[in-house]
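J.: no FASTA, just this:
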């Protein structure tokens, strides 16, 4: 399982930020938490929840999918097979001017926010609409699909954390779990999404990373990681630039080194030494928290690692 989202282009990232900012301005610059029903109203997007056992609704979804030019599901039964095989939790379908988001009714309430925001982003970006309508052969490319999904994820986070507002507020607080939990409450999103945004958007010039991973002592934590230890590995722009050689697996090794056997709440914290792209050593603060479902970790840059050399004629420490 790949735990690093594909990089999206600088132009596309800026365009997504501008479109989200324009949408929020058109809505009168609301305060958090963002009401997604108001966003859908602004975008003229309907919302329907479906159950995989509801063959009538799946038949409607299959019909809409054919109208969109994508022949992945000719029948309701086949649509159910597709949904189950690929673990589809949400989709946006457009046909004859009618736009509708479909969300799996089994998805937990708080996690629905991100899925809905993800689908709203697809609608917000016109280059996604042309791909989703099935009019372009590039829709068959797995690489293209991964990139547009990464763009939709990026846009969803920008939307849920209301563009630059979050970054401004986050820079006024120390980087720590108390701040992350405070933003989780005020913006109404999951702890995982809030950690991700804190790592990537609080200060892109500061090297920082996050891990959504298994617990070293409890393999039942974070089943989404599959056969790997790490499910996701978000990184700030500075971390990607200066610590490009640090993989999710290497970061997880440091997490495991500090971890205790606690299964809930704070799991472990300490300092680790990581090597930058030039071979120089630096100290990072590592801090992990388990929310029962995943082990969540942030690593944030603290200082260069000062090498200690023994003085001639004196015993080394």
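T.: It's in. Because the structure is a prediction, the values reported are computed rather than measured.

J.: Break down the chain into its helices, ranges please.
T.: Listed in chain order, the helices of the chain (DSSP state H) span residues 10-26, 36-43, 55-67, 76-86, 109-124, 126-132, 142-160, 164-171, 177-187, 191-201, 237-242, 248-258.

J.: Can you tell me how far the residue nearest to residue 245 when sequence neighbours are not counted is from residue 98?
T.: The shortest distance from residue 245 to any non-neighbouring residue, by Cβ to Cβ, 6 or more residues apart in numbering, is to residue 277 (6.0 Å). Where C-beta positions appear, they are placed from N, C-alpha and C, glycine not excepted. Separation of residue 277 from residue 98 (Cβ to Cβ, to the nearest Å): 50 Å.

J.: Repeat that for residue 284.
T.: For residue 284, the distance to residue 98 - Cβ to Cβ - is 50 Å.

J.: what do you get for residue 234?
T.: The value you get for residue 234 to residue 98, if Cβ to Cβ is used, is 35 Å.

J.: Give me the more crowded residue out of the two.
T.: Applying other Cβ atoms under 10 Å to residue 234 and residue 98 shows that residue 234 carries more neighbours, namely 24 against 11.

J.: tell me the contacts of the more buried one?
T.: Taking Cβ atoms under 8 Å, 6 or more residues apart in numbering, we find residue 234 in contact with 5, 195-196, 199-200, 209-210.

J.: Now with 10 Å, please.
T.: Residue 234 sits next to 3-5, 157, 192, 195-201, 208-212, 248, 298 when contact means Cβ atoms under 10 Å, 6 or more residues apart in numbering.

J.: same question, residue 177
T.: 184, 191, 195, 198, 265-266, 269, 287-289, 296, 298.

J.: Highest neighbour count among those?
T.: In the contacts of residue 177, the most neighbours by other Cβ under 10 Å go to residue 198, 28 neighbours.

J.: show me where pLDDT drops low in the protein?
T.: Low-confidence segments of the chain (pLDDT under 70): 1-3, 52-53, 55, 57-88, 94-97, 130-142, 307-317.

J.: Contacts only, for residue 269.
T.: 176-177, 258-260, 285-289, 297 are the contacts of residue 269 under Cβ under 10 Å, 6+ apart.

J.: again, 6 Å this time
T.: residue 287 (Cβ atoms under 6 Å, 6 or more residues apart in numbering).

J.: Beta-bridge partners for it, please?
T.: residue 287 (DSSP bridges).

J.: Distance of it relative to residue 289?
T.: Counting by Cβ to Cβ - residue 269 and residue 289 are separated by 9 Å.

J.: swap in residue 157?
T.: Counting by Cβ to Cβ, the gap from residue 157 to residue 289 is 19 Å.

J.: Same question for residue 116.
T.: 26 Å.

J.: neighbours of the closest residue to residue 247 other than its chain neighbours, just the number please.
T.: Leaving aside its sequence neighbours, residue 247 sits nearest to residue 233 (Cβ to Cβ, 6+ apart; 7.8 Å). Residue 233 has 23 neighbours, counted by other Cβ under 10 Å.

J.: if I read this right, residue 233 contacts residue 196, doesn't it?
T.: No - the criterion here is Cβ atoms under 6 Å, and residue 233 misses it with residue 196 at 10.2 Å.

J.: Give me the buried subset of the contacts of residue 234.
T.: Neighbour counting with 16 or more other Cβ atoms under 10 Å marks 3, 5, 157, 192, 195-201, 208-212, 248, 298 as buried within the contacts of residue 234.

J.: dump the residue contacts of residue 304.
T.: residue 282.

J.: so what's it bridging to?
T.: residue 282.

J.: ok, now how distant is it from residue 298?
T.: 20 Å.

J.: how far does stretch 257-271 stretch from start to finish?
T.: 10 Å (Cα to Cα, to the nearest Å).
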